[in-house]
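In: turn this into a model:
(chains A, B, C and D)
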Amino acid sequence: MKLYEYLAKGIFRTEGIPLPEGGVAQTPEEALAIAKDIGYPVAIKSQVLAGGRGKAGGIAFANNEMEVINESARILGSELKGLRVGQVLIEEKLKIDKEYYVSITVDNFIKKPIILASSQGGVDIEDVSEEYIVKKVVDMEVGVYPYLGREIARKMGIKGELMNQFSSLVIKMYDLFRKYEAELVEINPLVRSGDKLIALDARLNVDDDALYRHQDLPRIVEGEEWEIKAKALGLSYVQLDGDIAVMANGAGITMATLDLLAIFGGKPANFLDAGGGAAVEPMAKALSLLNDTKPKVIFINIFGGITRCDDVARAIIEVRKSTDFSAPLVIRLTGTREEEAIQLLQENSLSAYKSMEEAARKAVALSKPSSGCSGGR
Amino acid sequence: MKLYEYLAKGIFRTEGIPLPEGGVAQTPEEALAIAKDIGYPVAIKSQVLAGGRGKAGGIAFANNEMEVINESARILGSELKGLRVGQVLIEEKLKIDKEYYVSITVDNFIKKPIILASSQGGVDIEDVSEEYIVKKVVDMEVGVYPYLGREIARKMGIKGELMNQFSSLVIKMYDLFRKYEAELVEINPLVRSGDKLIALDARLNVDDDALYRHQDLPRIVEGEEWEIKAKALGLSYVQLDGDIAVMANGAGITMATLDLLAIFGGKPANFLDAGGGAAVEPMAKALSLLNDTKPKVIFINIFGGITRCDDVARAIIEVRKSTDFSAPLVIRLTGTREEEAIQLLQENSLSAYKSMEEAARKAVALSKPSSGCSGGR
Amino acid sequence: MAILINKDTRVVVQGITGKQGSFHTREMVNYGTNIVAGVTPGRGGMEIEGITVYDTVAEAVEQRQADASVIFVPAPLAKEAAFEAIYAGIKTIVIVTEHIPFHDTLQIISYTQKNGVVQIGPNTFGICSAGQAKIGIPPNSIFTPGPVGVVSRSGTLTYEIVSNLSTRGIGQTTCLGLGGDRVVGLSFVDILKMFEKDNETRAVVLVGEIGGRQEEDAAIYIKSMTKPVVGYIAGKSAPPGKRMGHAGAIIERGAGGFNSKVESLKQAGVKVAEIPSQVADYIADLLK
Amino acid sequence: MAILINKDTRVVVQGITGKQGSFHTREMVNYGTNIVAGVTPGRGGMEIEGITVYDTVAEAVEQRQADASVIFVPAPLAKEAAFEAIYAGIKTIVIVTEHIPFHDTLQIISYTQKNGVVQIGPNTFGICSAGQAKIGIPPNSIFTPGPVGVVSRSGTLTYEIVSNLSTRGIGQTTCLGLGGDRVVGLSFVDILKMFEKDNETRAVVLVGEIGGRQEEDAAIYIKSMTKPVVGYIAGKSAPPGKRMGHAGAIIERGAGGFNSKVESLKQAGVKVAEIPSQVADYIADLLK
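Out: Predicted structure coming up:
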């Protein structure tokens, strides 16, 4: 889960990380009130979960009341990278003497936390040449001590008193990383303004699987309409731009199903992983959701392992009872309790494929304008 | 630093360790008020920093008001193992179904924390046969998890729900051990009373060197008169029962000096380690303190390393200016700035030995009734 | 021979009294796995599917000489379960549990690495040495003993491919799921090395997916292998920047993307199947 | 040859700008120790006693190839200093600082052990390979090169004994203080093993004291040594249950008492001196 900049900054502030003064506003009037408190000039920053806001016009500066009203009005309610801006962060505009980058994440290969830092901040870290990036792996049993911060500072060319400021900052970032079980804690840019290091931006991405231990955090819902609905049902769902709705069991096989449809010339409408051992009820809900997205074809691809094919059949039959399927169903079922499932389907005038590829070909065929026949084999 | 039982229990309680109800009293009237709150029978426990209070008569039980008054009056103000009893802990007297032992300390050889536990509690753990003692070393980087507590419980014969209680208790003890940088966290006996495990006694010894990080803890002063005075001066001092006052620099050489005096037939009055690099002022204070103890002889044995012999000479001369030495001084000085020191002493009509053994023989001779001559060579 | 487990492996089931734990214990026993004990704290003395339950893993090791463990406990308890197994001296741990907090997994991995423990998972279907023993949750019916080693990042997709192999009469030595999480105990390279050394394994199937750089690392090692490898990578049609279920399946800025993986493998001499059923075709050709 | 350090050992002084640090840096330089760098955070670029000061130990290692460190920082900072040295790849650490909180010391030891670092101290006078290099705080004047190895738990008492040796013309290979705290990095046995292997060391002096079981453990090892050992144990007249300065010098219930130590050593063939000056007598006899 990604936190909005202003939420991340709220947490950074409680940890004692130096930040610009500021406040969050939902209307130009609120923005103005905050700006008055801070004094001019101010920065007006759109609060959306996307990078590169500056280039996209999501960050503005204002030197007086008129500019605050105009710019915050422009940004609030606008769309930035497909995301509606509901809030702006109003902050003092600092004098920037130098921009740095610093983050803590995990190196998936080494399987340990890693601190990344650079003297070339304010830009996308991927665009920074390797020689300007300092990397330090953290042993979780040891943690981060000031010397590690000083060592990073040294390699970034930060000296003297700033070295200690940087070191203290890195320790606080690591404390946040651990305390909030973060996937990413990032400051970009970290700026030197006079003799102070200040976090101009703040990112905090928290592990979804650990959220249950962080009841104090707000729950940020991200994504498009169907993704949010699917997430509320506990499903792993990604919206795509095709017309064949897909449900499979397991992330790998769901991806393979999408690939197969694409290879056969079809266009998948979504990724929906019903999971490894879903029962009748969740599966029925998933199917209803797919139906609601009004695809041209619904393709169900189940290899029964823990998932029992008869449960899948029951889920299909249950949904059919309460809803009309708006699109033809293509069903592929094999594995655990396959025969019981086939019988159940037949009793309800449905049929299923045994082969994933045959089924995929059929789904693609049904999605094409030329073919107008109804579901089933 | 050892904490009184009632203080240790206060800390145990904040950690959630189950304890008998109770309160601390300085007078029989206070004791009575607490007993009334709790209900009879109650235990009356002397609060002194010594083990084996029960055998020594420092623990009593009372079934009614009269007994509370009488027993608390008897214990309060009495002497227990040479220690005055200033406070009693009044506690509910529990039904005891079984007594266990559990502690966390450090194994000096393995150099790691160790959990010791036994199904034979309530007695001195040294008297328990090895086969009844469960030992588990703790990796500080891993810490203590419930499985470790369960594993210890299993080996102690604790099963079912009690196993979980025990496991949770051990985790809390370890948390205290780390939080308070303890040398020892001990519960003896830990009792089973019905279906509950309850800490009947509580010990918490905190590392003196870590006390600066624990401003919340009271400072318990322990020891005899001169020891307390010496401690206030920051000196390492132990009262002994002889008549030759000793000051040396370093624990090892101070012990060796005492041994030498004893071997030569003398009786050291104290152990006083002036430390490795003491300056004039602290050394003068130490010397004044020794003089105040009114020994027969004062023996100063300094091997100058970081300690400079001329500083020692200056300290001696300074003390002589303001105080009369009540006893002859025997001085041994060698090492760093030896010559300057000898000259300083000579200017002040003092002299020093170069050999530790010669000096020790002299000090012993001076301490004998037959010899009446004054200090110096 | 197979790798990592065989019919003599003595398995303790952690979380045996739970719904998943008891169901899969029965399935593992049915497959022939030598399940010697179960552990559920506070339930010591019970029996589940004919297996004695102990309070601690240490007791299971002491009483029943367990040397491998499979963890079915809920995600919030998984770290402790893994730590307990390591503490008790278990040398192979299969963590089936999914949705374990990421920082917990990091700590588990750190601890298994320091203790030289083989950690399979988390979020893995487990491991099966065909005809000998299965530790985990894949359907018993799909495996057949034979000469092919299978290593994968996903569950059901692997069942699909293994099932294809078995249907065509191509058996397996060992099939292993690394686990679907962003960080897991073992890598493709770890397992490829074992297959390379295993006398019975004649060819290897590698089932990868987008995200991470594991497949690219595997390709480097495969260049030095004497045994042929057939690959399949899922996620060809996944749009960049979207999560596809597994925490691992994130494509960001091209790194770890489909093409990078397929090209690396092809350059290492791997035959990469375009659709899952081709894997069995390629393997059949190689074993002719 | 000497043990652990010699004239080529490249030493960094942590806490070089402090009063103790700068004083002993001068003394060490005077003795001939190859002090290559100092470290005081925030003071990088300074010079102390002709030695360049760096901000981090890693920089000192990078710039000056330091391989040993001596720590003079105040007790509250000592743990971090030790961790920093280990992190930077230093292989021998001498911790002079006293009164380090006990739990900090436990963590330092755990970390040095896991990284294969030699830890001398805390609360040690350090180590001197006579005529070559001294890392720590003993007076320079007392040492003479020669054939005797000295290992001890106390400081000044060791100076007394070494001084006696030198006065009688008996030189030393290496003299080392384990440290006076309850737990320290090395034990007598660790050092005895090194002296046993060292070609130049012909006899060993062991200076112990009451408390703990180190001397008893040493006695067991000494039985297998080919080189003669002379011992001295301080604390004969100390009353039981009293602390005598060192955290280690606690006698509780007879364990670790004077008699136990002396008897163990004697049984192992050690000549145990009754008074400090006898040590030199015994060694002189042995070397005849």
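
In: what about the closest residue to chain A within chain C, how many neighbours?
Out: Nearest residue of chain C to chain A, counting by C-beta to the nearest C-beta: C:Ser154, 2.3 Å away. Every C-beta, even on glycine, is put in place using the N, C-alpha and C of the backbone. Applying other C-beta atoms under 10 Å in any protein chain shown, we find 31 residues neighbouring C:Ser154.

In: tell me the contacts of the nearest residue to it once chain neighbours are set aside?
Out: Closest residue in space to C:Ser154, ignoring its immediate chain neighbours: A:Gly252 at 2.3 Å, by C-beta to C-beta, 6 or more residues apart in numbering or on different chains. Counting by C-beta atoms under 8 Å, 6 or more residues apart in numbering or on different chains, A:Gly252 touches C:Ser152, C:Arg153, C:Ser154, C:Gly155, C:Thr156, C:Leu157, C:Thr158, C:Gly180, C:Val207, C:Glu209, C:Ala234, C:His246.

In: can you list the domains in chain C?
Out: Domain ranges of chain C: C:11-120, C:138-286, per automatic domain parsing.

In: wait, does the shortest one contact chain B?
Out: Spelled out, that is domain C:11-120. Yes: using C-beta under 8 Å from any C-beta of the partner chain, domain C:11-120 comes into contact with chain B via C:41-42, C:44, C:55-59, C:80, C:83-84, C:87, C:111.

In: correct me if wrong: C:Ala280 contacts C:Arg168.
Out: Yes: counting by C-beta atoms under 8 Å, C:Arg168 is a contact partner of C:Ala280 at 4.9 Å.

In: can you put the domains of chain C in TSV and add mean pLDDT?
Out: Shown next, in TSV, are those (pLDDT from 0 to 100):
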stretch	mean pLDDT
domain C:11-120	96
domain C:138-286	91
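
In: for D:Asn115, which of the ones you listed is the nearest?
Out: domain C:11-120 (12.1 Å; C-beta to C-beta).

In: partner residues bridging residue 203?
Out: Picked chain A for this. A:Glu186 (DSSP bridges).

In: if you could check chain C rather than the one you did, that'd help
Out: C:Val148.

In: now stretch A:254-262: buried residues?
Out: Of all the residues in stretch A:254-262, those buried under the rule 16 or more other C-beta atoms under 10 Å in any protein chain shown are A:Thr254, A:Met255, A:Ala256, A:Thr257, A:Leu258, A:Asp259, A:Leu260, A:Leu261, A:Ala262.

In: just the CA trace of that stretch, in CSV.
Out: Taking C-alpha atoms only, stretch A:254-262 is exported to CSV below (Å, rounded to 0.1, in the frame of the first residue of the first chain):
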residue,chain,number,x,y,z
THR,A,254,-3.6,-17.0,-14.9
MET,A,255,-0.7,-15.1,-16.6
ALA,A,256,-0.1,-18.2,-18.8
THR,A,257,-3.8,-18.1,-19.7
LEU,A,258,-3.6,-14.4,-20.7
ASP,A,259,-0.5,-15.2,-22.8
LEU,A,260,-2.3,-18.1,-24.5
LEU,A,261,-5.3,-16.0,-25.4
ALA,A,262,-3.0,-13.3,-26.8
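
In: contact partners of that stretch?
Out: The contact list for stretch A:254-262 (C-beta under 8 Å, 6+ apart) reads A:240, A:242, A:244, A:246-248, A:267-268, A:271-273, A:299, A:301, A:356-357, A:360, A:363-364, C:157, C:160, C:209-210, C:232, C:234-238, C:244-245, C:249, C:275-276.

In: so which of those reach chain D?
Out: Restricting the contacts of stretch A:254-262 to contacts with chain D (C-beta under 8 Å from any C-beta) yields no residues.

In: show me the residues you listed that map onto helices.
Out: Of those, the ones assigned to helices by DSSP state H are A:Met356, A:Glu357, A:Ala360, A:Ala363, A:Val364, C:Leu157, C:Glu160, C:Pro276.

In: so what's the residue nearest to A:Ala202 when sequence neighbours are not counted up against?
Out: Counting by C-beta to C-beta, 6+ apart, A:Ala202 lies nearest to A:Ala8, which is 4.0 Å off, once chain neighbours are set aside. Contacts for A:Ala8 (C-beta under 8 Å, 6+ apart) come out as A:Ala202, A:Arg203, A:Leu204.

In: what's the distance between A:Ala8 and chain B?
Out: A:Ala8 sits 30 Å away from chain B, taking C-beta to the nearest C-beta, to the nearest Å as the criterion.

In: tell me the one of the residues of domain C:11-120 next to chain B nearest chain B?
Out: Nearest to chain B among the residues of domain C:11-120 next to chain B, with distances taken as C-beta to the nearest C-beta, is C:Glu84, at 3.7 Å.

In: for chain A, what's the longest helix?
Out: From DSSP H, the single longest helix across chain A is helix A:160-179.

In: what's that one packed up against?
Out: Under the contact definition 3 or more C-beta pairs under 8 Å, 6 or more residues apart in numbering or on different chains; DSSP states H and E, helix A:160-179 sits against helix A:5-15, strand A:98-107, strand A:112-118, helix A:146-156, strand A:182-193, strand A:196-199.

In: give the buried residues for stretch A:211-218.
Out: Neighbour-count burial for stretch A:211-218 flags A:Arg213, A:His214, A:Leu217 (criterion: 16+ other C-beta under 10 Å).

In: so which of the residues you listed are also by chain C?
Out: The overlap between those and the neighbours of chain C (C-beta under 8 Å from any C-beta) comes to A:Arg213.

In: dump the buried residues of stretch A:211-218 into TSV; add pLDDT and secondary structure as well.
Out: Formatted as TSV, the buried residues of stretch A:211-218 follow (pLDDT from 0 to 100; DSSP: H, G, I helix; E, B strand; the rest coil):
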residue	pLDDT	secondary structure
A:Arg213	97	helix
A:His214	97	coil
A:Leu217	95	coil
